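In: sequence and predicted structure below; questions after.
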Amino acid sequence: MLLIKNSILADPASGTTRRADVLIAEGRILKIAENLPSGTASPEVLTEMPAGAGSVSPAGLAESRENAGSREPVVLDGSGCVLAPGLIDTHVHFRDPGYTEKEDIETGARAAKRGGFTTVVMMANTNPVIDAPELVRANLEKGKATGIHVLQAAAVTRGMRGKELSDLEALAAAGAACFTDDGLPITDEKLLFEALREAAKLGLPVSLHEEDPAFIASQGVNAGPMAEALGLGGASALAEEVLVARDVLLAANAGASLVIQHISSGLSVKLLRAAKSFGIENIHAEATPHHFSLTEAAVLSHGTFARMNPPLRTEADRLEIIRGLADGTIDLIATDHAPHTTAEKNRPFGKAPSGIIGLETSLALGVTNLVRPGHLPLLELLRKMTVNPARLLGLPEPRIEAGAPADLVLFAPDETFVAGSYASKAENSPFTGETLFAPVKATICGGKIVYKA
Ligand code: DOR
């Protein structure tokens, strides 16, 4: 049994907060009340079962009662902390199989737990690419050993080559959470349309990396003065915008659930807003912490640690992404956690791989750069990191209430910490050394403490 005392419970599903204690048993929230006695899982507490807590089995209840006399619950002091549903990230790279020198499922999950995440979706750009049911199953199996929910995305096209569709039905049957060729765009619109129709039938979302190579001279830096300063051509915003416009129309026509991944251009945000105003539903977008926190200028101060696809863009783009988060156009915050080795990131800018790690700074960047400046209420930030991704993926709605699964994060919104010394295998973050708000104090998954500061 676990008792979390004195925290503020933030429940984004109901839009409410309140101060209370939370008693957890058998992987679920058993009771929420003020001043639960820390001395016990007392028989009185256990018999006062609230409606909704009925999912704790009679056997488990009996066992808890037995333990009540002999074993005290583990107590976490949540003073000064917020207790929220465990965070869900729709977009992480754990590099397994094929690139485990960068990260593996165990170390990736460790980074996730440290960042407050209890559910993550791994991308398919591994080696081999996750385009076959046995590969989906193997990774889901590995994920089970981590103590959190590790889900797997499957590739839309075989080998992510963009030429022929994977067997989407078989991938769905194997447990794929969604379909994506993340890392690469799908330039063949007829093939993509077919994929969207098939995914719609299967009831799974399609997540797209929107960068048309026709408008990219070099990846990882915005086309313009910063790219020029590096002696590179850069990646234009048009490369993203042209595919966003195309794919909103394709998805609407196919009746599919579409996710625009790691949105980077202000005009892309406006296109999505307009599409929604035309009544096009089921279009979603991810904003990464780096795209709402940094601009292209970071390539000068942080070099390859500010190299990512799509690239960081202008202050006007960053502000439009924040507006999109605030007005609901952008419904998801996702890290695109993209670990690379130090040796790879030490290459010259033009030759280094794109991407940065993000799981261990995501919540902090959201609180520091969105909540504290007043762009987004905390509950709304949490909604984009819990309830909205759960809905997208068809997972049960995360809730802080009796009977709900005890997947939780405890964090201190008013405390600061210095980002660094990561649980990830990698350390490619431009935020290292920055003082941020909201350190994670504990992550609880299935009622177990899987991370404690
Ligand atoms: O910067 C990126 N890195 N963007 C992506 O879409 C892929 C990722 C990676 O796999 O490293």
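Out: Right, received. Where do you want to start?
In: for the rest of this, base every contact and every neighbour count on C-alpha atoms.
Out: Fine.
In: host element of the residue of the stretch 101-250 of the chain found nearest the ligand?
Out: Nearest residue of the stretch 101-250 of the chain to the ligand: Gly183, at 3.7 Å (C-alpha to the nearest ligand atom). Of the helices and strands defined by DSSP states H and E, none includes Gly183.
In: ok, it - contacts?
Out: Gly183 makes contacts with Asn125, His209, Asn309, as judged by C-alpha atoms under 8 Å, 6 or more residues apart in numbering.
In: which of these sits closest to Val221?
Out: Asn309 (7.9 Å; C-alpha to C-alpha).
In: tell me the contacts of that closest one?
Out: Gly183, Gln219, Gly220, Val221, Ser354, Gly355.
In: over to Asp414?
Out: Gly80, Phe437, Ala438.
In: mind running it again at 10 Å?
Out: Asp414 makes contact with Gly80, Cys81, Val82, Val367, Thr368, Arg372, Leu436, Phe437, Ala438, Pro439, according to C-alpha atoms under 10 Å, 6 or more residues apart in numbering.
In: next, it: secondary structure please.
Out: The local conformation at Asp414, judged by DSSP: H, G, I helix; E, B strand; the rest coil, is coil.
In: distance check, it against Arg372.
Out: According to C-alpha to C-alpha, to the nearest Å, Asp414 and Arg372 sit 9 Å apart.
In: and the contacts of Gly183 near the ligand, which?
Out: Asn309 (C-alpha under 6 Å from any ligand atom).
In: what residues do Asp414 and Arg372 have in common as contacts?
Out: Counting by C-alpha under 10 Å, 6+ apart, the contacts common to Asp414 and Arg372 are Phe437.
In: so which residues of the stretch 351-453 of the chain form strands?
Out: Per DSSP state E, counting those that start in this stretch, the stretch 351-453 of the chain carries strands over the ranges 408-411, 416-418, 435-437, 440-445, 448-452.
In: quick one: buried residues of stretch 18-37?
Out: For stretch 18-37, a neighbour-count test (16 or more other C-alpha atoms under 10 Å) marks 19-32, 36 as buried.
In: which parts of the stretch 301-450 of the chain sit against the ligand?
Out: So far as C-alpha under 6 Å from any ligand atom goes, the stretch 301-450 of the chain lies against the ligand at Met308, Asn309, Ala338, Ser354, Gly355.
In: pLDDT below threshold where in the stretch 101-250 of the chain?
Out: The stretch 101-250 of the chain contains no residues with pLDDT under 70.
In: what parts of it come near the ligand?
Out: Asp182, Gly183.
In: just the helices in the stretch 101-250 of the chain please.
Out: Counting by DSSP state H, counting those that start in this stretch, the stretch 101-250 of the chain has these helices, from start to end: 105-114, 133-144, 168-173, 189-202, 225-229, 237-254.
In: format the ones you listed as TSV; extra columns: mean neighbour count and distance to Ser264.
Out: Converted to TSV, these look like this (neighbours: other C-alpha atoms under 10 Å; distance: least, C-alpha to C-alpha, whole Å):
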stretch	mean neighbour count	distance to Ser264
helix 105-114	25	23
helix 133-144	17	29
helix 168-173	18	28
helix 189-202	18	21
helix 225-229	16	16
helix 237-254	20	8
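In: between those helices, which gets nearest to Asp407?
Out: helix 105-114 (10.9 Å).
In: just the angle between that closest one and strand 448-452, please?
Out: 80 degrees (axes from the mean of the first three to the mean of the last three C-alpha atoms, to 10 degrees).
In: got the angle for helix 105-114 vs helix 133-144?
Out: Computed by the same axes, to 10 degrees, the angle between helix 105-114 and helix 133-144 is 50 degrees.
In: which residues are in contact with the most centrally placed residue in the chain?
Out: In the chain, the residue lying closest to the centroid (C-alpha atoms, centre = their mean) is Asp89, at 1.6 Å. By C-alpha under 10 Å, 6+ apart, the contact set of Asp89 is 112, 117-122, 150-151, 286, 332-337, 359, 362, 384-386, 389-390.
In: which residues belonging to stretch 332-347 are considered buried?
Out: For stretch 332-347, using 16+ other C-alpha under 10 Å, the buried residues are Leu332, Ile333, Ala334, Thr335, Asp336, His337, Ala338, Pro339, His340, Thr341, Lys345.
In: repeat that for stretch 424-434.
Out: For stretch 424-434, by 16+ other C-alpha under 10 Å, it's Ser424, Lys425, Ala426, Glu427, Asn428, Ser429, Pro430, Phe431.
In: which pLDDT value goes with Glu66?
Out: In this model, Glu66 is scored at 41, pLDDT.
In: oh sorry, the question was meant for Pro73
Out: pLDDT, Pro73: 88.
In: burial of it, as a residue count?
Out: 21 (other C-alpha atoms under 10 Å).
In: same question, Gly231
Out: 11.
In: for Met123, same thing?
Out: 31.
In: phi, psi for it please.
Out: phi -80, psi 170 (degrees, to the nearest 10).
In: give me every residue that touches it.
Out: Residues in contact with Met123 (C-alpha under 10 Å, 6+ apart) are 90-96, 129-130, 151-155, 177-183, 207, 336-338.
In: over to Glu296?
Out: Taking C-alpha under 10 Å, 6+ apart, one finds 220-227, 306-307, 311-315, 318 in contact with Glu296.
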